[in-house]
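*Asks:* no FASTA, just this:
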């Protein structure tokens, strides 16, 4: 009976993840000319961040490219979210460039959801934990010592200290 229950549970989980990944659509014909345009697309940035975390690399290459471009264009122009791409972030994404977009997406998502109480340290923690999680869940990732060092810092409870004091490899 346990085996049947476990199988049904796993099947339900798989179907729901697959269905939610298929419901995401990258915005089309977006234009960012004024401040309101950026605000209008904030819910889509959150959906994009979530979809990027759920979707394995290489699964939907055209959709991934479109989502990445949408995120990048929005992040480069929005006056409300300032993402500092420090050298440590570049180091984390040099072997697996997709991780840089995960960082950017999750940082943006946090900033959008915490406009009133935004804290850059917390935003970095959320974004870097997402980088670690994506690296660990991605079967096609290339081994990266920097990401593994970051995961070790997180495991040892030293991630926040590292962000506040070093933020460097």
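*Replies:* Here it is on my side, so go on. A quick note: this is a predicted structure, and the numbers were derived from the prediction, not measured.
*Asks:* the residue nearest the centre of the chain: which element?
*Replies:* Nearest to the mean C-alpha position of the chain, by CA atoms, centre = their mean, lies residue 102 at 3.0 Å. Element membership for residue 102 (DSSP states H and E) is helix 98-113.
*Asks:* for that helix, packing partners?
*Replies:* Identification of packing neighbours for helix 98-113 by 3 or more CB pairs under 8 Å, 6 or more residues apart in numbering; DSSP states H and E yields helix 42-54, helix 61-77, helix 87-92, helix 120-137. (Glycine included, C-beta is placed from N, CA and C.)
*Asks:* so how far does stretch 129-149 reach from one end to the other?
*Replies:* 12 Å (CA to CA, to the nearest Å).
*Asks:* er, stretch 79-89 actually
*Replies:* Stretch 79-89 end-to-end distance (CA to CA) = 21 Å.
*Asks:* check which residues of it are buried.
*Replies:* Within stretch 79-89, the residues that count as buried by 16 or more other CB atoms under 10 Å are 81, 83, 88-89.
*Asks:* so residue 42 touches residue 112, yeah?
*Replies:* Yes: Residue 42 lies in contact with residue 112 (CB atoms under 8 Å); the separation is 4.8 Å.
*Asks:* got any ranges where this protein has weak pLDDT?
*Replies:* Residue ranges of the chain with pLDDT under 70: 1-22, 169.
*Asks:* can I get the helices and strands packed on helix 98-113 in JSON lines with distance to residue 23?
*Replies:* As requested, those are exported to JSON lines (distance: least, CB to CB, whole Å):
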{"stretch": "helix 42-54", "distance to residue 23": "9"}
{"stretch": "helix 61-77", "distance to residue 23": "12"}
{"stretch": "helix 87-92", "distance to residue 23": "30"}
{"stretch": "helix 120-137", "distance to residue 23": "20"}
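*Asks:* residue 167: which of those helices is closest?
*Replies:* Closest to residue 167 of the helices and strands packed on helix 98-113, according to CB to CB: helix 87-92, at 5.2 Å.
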